[in-house]
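A.B. asks: sequence unknown, structure follows:
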């Protein structure tokens, strides 16, 4: 009886936290497209009611679609697997629900801390966001020389790896795979051996850096009528598209296309109305469905819709449940050993949490099932980790907005928002430190700030002509 009351209380607490986060999004943050609103909105989308329905339905595939269509499915095998290991499923779900509630509260606290540390800048940002639609897109960078050099350098860097690693041939060979019954099996086997570049630097540039400079270069070239910049950005767009497709997965090219659509959207408006939200959701669903059909063989109609729903909403919540069922019930908390430097200092062999989760439920250390950023926080430090990591996530997102949106509709602001979109969604599927760096949530804004600072500094330091000096002395 006590266990059931705790489980019920956890559901009520999680639901209350979701309602509070939704109200905070609408009335405090307001429905402008920013890094912070993308964070809160995406969490509510995937780890909101969809998360509660997943555990309440015992992981029934496409439960909400079945509910609307009147059909009934079977519980997911992970729930039976948890019970088969003798673990307390109610305690696992209770801990997960309370952690999700704590995550929302921690993010709100992080945002509010930043607002109180720099109130004047936040007030100026709010005015700029309100006036966004009345502004024309401006490029306040000044000289485009450094931007052009950087984009051309990225193009050369990325094309070098694409040519050396035969990315185009890999994509063609993947799309040329034929078969009827075992087509997905053949594609999965090909993907396992040939997908993605083995070079970390290339993957980092492809995921966190190149998309921002594609947007930046195209918009800056358009605003300044710079043909060289437009051509360079177009080459970078091509190199990035090749790299995204070569991963042989639906998410990277789909999210890159969504990044570009966000940039186009922001050049006109930053307001999220019910019409834009509905239209955006339909476009995103269409993009995901189309690319999923390109990458994988799925059924058409309702079956195809169920598959996309399952991959977008339920797989993420399944991964989160697997993590919470592993720590501390099947494996003790790691107390920082999930981070390589900490593990080295502790004199322990480095074994990431996701490998332990994979071995616990699938019997292998090689399988990876990405989970929400609080999964790693929970594996290391329990509720304290969830609270601290959530606070950091909220503070980082708000700080990025305060740094780049205070001047309104600028090319730099649009490019940074396009980049942080991927960073936010990386948070939904991996650890905080990975999202900040490899996902570009912090790396991309830092690089943008460094480029702006360097351009303005060297622009002021540019030597003048002797005639100009003589005139100044007079």
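C.D. replies: Okay, I see it. Since the model is a prediction, treat every value here as computed from it, not as a measurement.
A.B. asks: Show the residue spans covered by the helices in the stretch 301-450 of the chain.
C.D. replies: With helices called from DSSP state H, counting those that start in this stretch, the stretch 301-450 of the chain shows them at 302-309, 315-326, 340-345, 353-362, 373-404, 411-427, 432-437, 443-461.
A.B. asks: Report all helices and strands that the fifth one contacts.
C.D. replies: The reference is to helix 373-404. helix 35-46, helix 89-117, helix 119-130, helix 315-326, helix 353-362, helix 411-427, helix 432-437, helix 443-461 (3 or more C-beta pairs under 8 Å, 6 or more residues apart in numbering; DSSP states H and E). Backbone N, C-alpha and C define where each C-beta goes, glycine included.
A.B. asks: ok now the last one, how far from the chain's centre?
C.D. replies: In other words, helix 443-461. Remark: helix 443-461 is offset 25 Å from the chain centroid, using C-alpha atoms, centre = their mean, to the nearest Å.
A.B. asks: residues in contact with that helix?
C.D. replies: 141-143, 145-147, 150, 204, 208-209, 212, 216, 400, 403-404, 412, 415-416, 419-420, 423, 436-437 (C-beta atoms under 8 Å, 6 or more residues apart in numbering).
A.B. asks: State the mean pLDDT of it.
C.D. replies: Helix 443-461 shows a mean pLDDT of 89 in the predicted model.
A.B. asks: Can you mark which positions in that helix are buried?
C.D. replies: 443, 444, 445, 447, 448, 451, 452, 455 (16 or more other C-beta atoms under 10 Å).
A.B. asks: In JSON lines: those residues, plus distance to residue 116.
C.D. replies: As requested, the buried residues of helix 443-461 are exported to JSON lines (distance: C-beta to C-beta, whole Å):
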{"residue": "443", "distance to residue 116": "26"}
{"residue": "444", "distance to residue 116": "26"}
{"residue": "445", "distance to residue 116": "21"}
{"residue": "447", "distance to residue 116": "28"}
{"residue": "448", "distance to residue 116": "25"}
{"residue": "451", "distance to residue 116": "30"}
{"residue": "452", "distance to residue 116": "26"}
{"residue": "455", "distance to residue 116": "32"}
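A.B. asks: these two touch, right, residue 425 and residue 255?
C.D. replies: Yes - in this structure, residue 425 is within contact of residue 255 by C-beta atoms under 8 Å, at 6.5 Å.
A.B. asks: Tell me which residues touch the spatially closest residue to residue 10 that is not a sequence neighbour, please.
C.D. replies: Nearest residue to residue 10, sequence neighbours excluded (C-beta to C-beta, 6 or more residues apart in numbering): residue 97, at 3.6 Å. By C-beta under 8 Å, 6+ apart, the residues touching residue 97 are 7, 10, 11, 13, 14, 52, 55.
A.B. asks: tally of neighbours for the fifth one?
C.D. replies: Here the number of neighbours of residue 14 (other C-beta atoms under 10 Å) works out to 27.
A.B. asks: now do residue 119
C.D. replies: Neighbourhood size, residue 119 [other C-beta under 10 Å]: 10.
A.B. asks: about what we covered before: with distance to residue 186 added, can I get the helices of the stretch 301-450 of the chain in JSON lines?
C.D. replies: Shown next, in JSON lines, are the helices of the stretch 301-450 of the chain (distance: least, C-beta to C-beta, whole Å):
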{"stretch": "helix 302-309", "distance to residue 186": "18"}
{"stretch": "helix 315-326", "distance to residue 186": "22"}
{"stretch": "helix 340-345", "distance to residue 186": "35"}
{"stretch": "helix 353-362", "distance to residue 186": "21"}
{"stretch": "helix 373-404", "distance to residue 186": "32"}
{"stretch": "helix 411-427", "distance to residue 186": "29"}
{"stretch": "helix 432-437", "distance to residue 186": "30"}
{"stretch": "helix 443-461", "distance to residue 186": "36"}
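A.B. asks: quick one, which of the helices and strands packed on helix 373-404 is nearest to residue 185?
C.D. replies: In terms of C-beta to C-beta, the element of the helices and strands packed on helix 373-404 nearest to residue 185 is helix 353-362, at 17.4 Å.
A.B. asks: packing partners for the closest one?
C.D. replies: By 3+ C-beta pairs under 8 Å, 6+ apart, helix 353-362 packs against helix 315-326, helix 373-404.
A.B. asks: hang on, residue 157 in a helix?
C.D. replies: Yes - Residue 157: assigned to a helix according to DSSP: H, G, I helix; E, B strand; the rest coil.
A.B. asks: Residue 205 is in contact with that one, correct?
C.D. replies: Yes - under the criterion of C-beta under 8 Å, residue 157 makes contact with residue 205 at 6.5 Å.
A.B. asks: So these two - more neighbours on which side?
C.D. replies: residue 205 (21 against 17).
A.B. asks: show me the contacts for that one.
C.D. replies: 154, 157, 158.
A.B. asks: how about the nearest residue to the last one, chain neighbours excluded?
C.D. replies: Closest residue in space to residue 158, ignoring its immediate chain neighbours: residue 239 at 4.1 Å, by C-beta to C-beta, 6+ apart.
A.B. asks: What helix or strand is that neighbour located in?
C.D. replies: helix 227-246 (DSSP states H and E).
A.B. asks: which other residues reach that helix?
C.D. replies: Counting by C-beta under 8 Å, 6+ apart, 144, 147-148, 151-152, 154-155, 158-159, 162, 165, 167-168, 170-171, 195-197, 202, 206, 210-211, 213-214, 216-218, 220-222, 252-253, 256 sit against helix 227-246.
A.B. asks: buried subset of those?
C.D. replies: 144, 147-148, 151-152, 154-155, 158-159, 162, 165, 167, 170-171, 195-197, 202, 206, 210-211, 213-214, 216-218, 220-222, 252-253, 256.
A.B. asks: and these, which of them are in helices?
C.D. replies: Using DSSP state H, the subset of the buried ones among the contacts of helix 227-246 located in helices is 147-148, 151-152, 154-155, 158-159, 162, 167, 170-171, 202, 210-211, 213-214, 216-218, 220-222, 252-253, 256.
A.B. asks: if I pick the residue found closest to residue 367 once you drop the neighbours it is linked to in the chain, what's in contact with it?
C.D. replies: Residue nearest to residue 367 in three dimensions, not counting chain neighbours: residue 358, with 4.1 Å by C-beta to C-beta, 6+ apart. Contact analysis of residue 358 by C-beta under 8 Å, 6+ apart lists 364, 365, 366, 367, 368, 369.
A.B. asks: Leaving out the residues flanking it, which one is nearest to residue 216?
C.D. replies: residue 415 is the one closest to residue 216 (C-beta to C-beta, 6+ apart), at 3.8 Å.
A.B. asks: Tell me the predicted confidence for that neighbour.
C.D. replies: Taking residue 415 on its own, its pLDDT is 97.
A.B. asks: Then residue 158?
C.D. replies: Reading off the model, residue 158 has pLDDT 97.
A.B. asks: Next, the distance between the ends of stretch 78-89.
C.D. replies: 10 Å (C-alpha to C-alpha, to the nearest Å).
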